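Visitor: Task: produce atomic coordinates for the following.
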Amino acid sequence: MLARILIVEDEMLVAMELQSILEDLGYEVVGIAPDLAAARQHFDEHLDLALVDLNLRDGLTGPQIGATLGSKGVTVLFVTANPRLLGQGIAGAIGVITKPADEDAVKSAVAYALAVRTGEQAQPPAELRLFA
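Guide: Residues are numbered from 1 along each chain as shown. Presented below is the predicted three-dimensional model:
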């Protein structure tokens, strides 16, 4: 079964690059949400993973989006240029990769997050800072 992934990112070129990488890997990108209102439209869908930036079109709403998705059983992976803003992490989130992230970092972090989600043993990639 294909993993269903939501991209929460307001920089459209970054979002489209993430979408391209994920689709090339065979994942289903269910949407790109540039802000809380757009992300909210996906809160009741079946999602396996969300890639979430912190600062979005409507401000610092990424942590709230990540926490909401995490509480609904979605695995959350933050992708941000400001990882320090996350401190020790957000409930429900697996970790953070720092932008700009190259294609290999995205691939390995997503593969790790999905493996952990399904209970597989996996080695976290060096580019991924795990939350406690």
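
Visitor: what bridges to the residue most central in space within the chain?
Guide: By C-alpha atoms, centre = their mean, the chain has its centre lying nearest to residue 51, at 1.5 Å. Applying DSSP bridges to residue 51 gives these bridge partners: residue 7, residue 77.

Visitor: That one touches residue 9, doesn't it?
Guide: Yes. Between residue 51 and residue 9 there is a contact under C-beta atoms under 8 Å: 7.2 Å. C-beta here means a position set from N, CA and C on the backbone, and glycine is covered the same way.

Visitor: so where does residue 16 fall, helix or strand?
Guide: Using DSSP states H and E, residue 16 falls within helix 12-24.

Visitor: can you count the residues close to residue 72?
Guide: 14 (other C-beta atoms under 10 Å).

Visitor: you'd agree it is up against residue 42?
Guide: No. In this structure, residue 72 is not within contact of residue 42 by C-beta under 8 Å, at 10.0 Å.

Visitor: who's residue 98 bridged to?
Guide: Counting by DSSP bridges, the residues bridging with residue 98 are residue 80.

Visitor: thinking again about what came up before, the residue nearest to the centre of the chain: what's it in contact with?
Guide: Contacts for residue 51 were tallied using C-beta atoms under 8 Å, 6 or more residues apart in numbering; they are 5-9, 18, 77-79, 106, 110.

Visitor: From the chain's centroid, how far away is the longest helix along the chain?
Guide: Identified as the longest helix of the chain according to DSSP state H is helix 103-117. From the chain centre to the centre of helix 103-117 is a distance of 10 Å (C-alpha atoms, centre = their mean, to the nearest Å).
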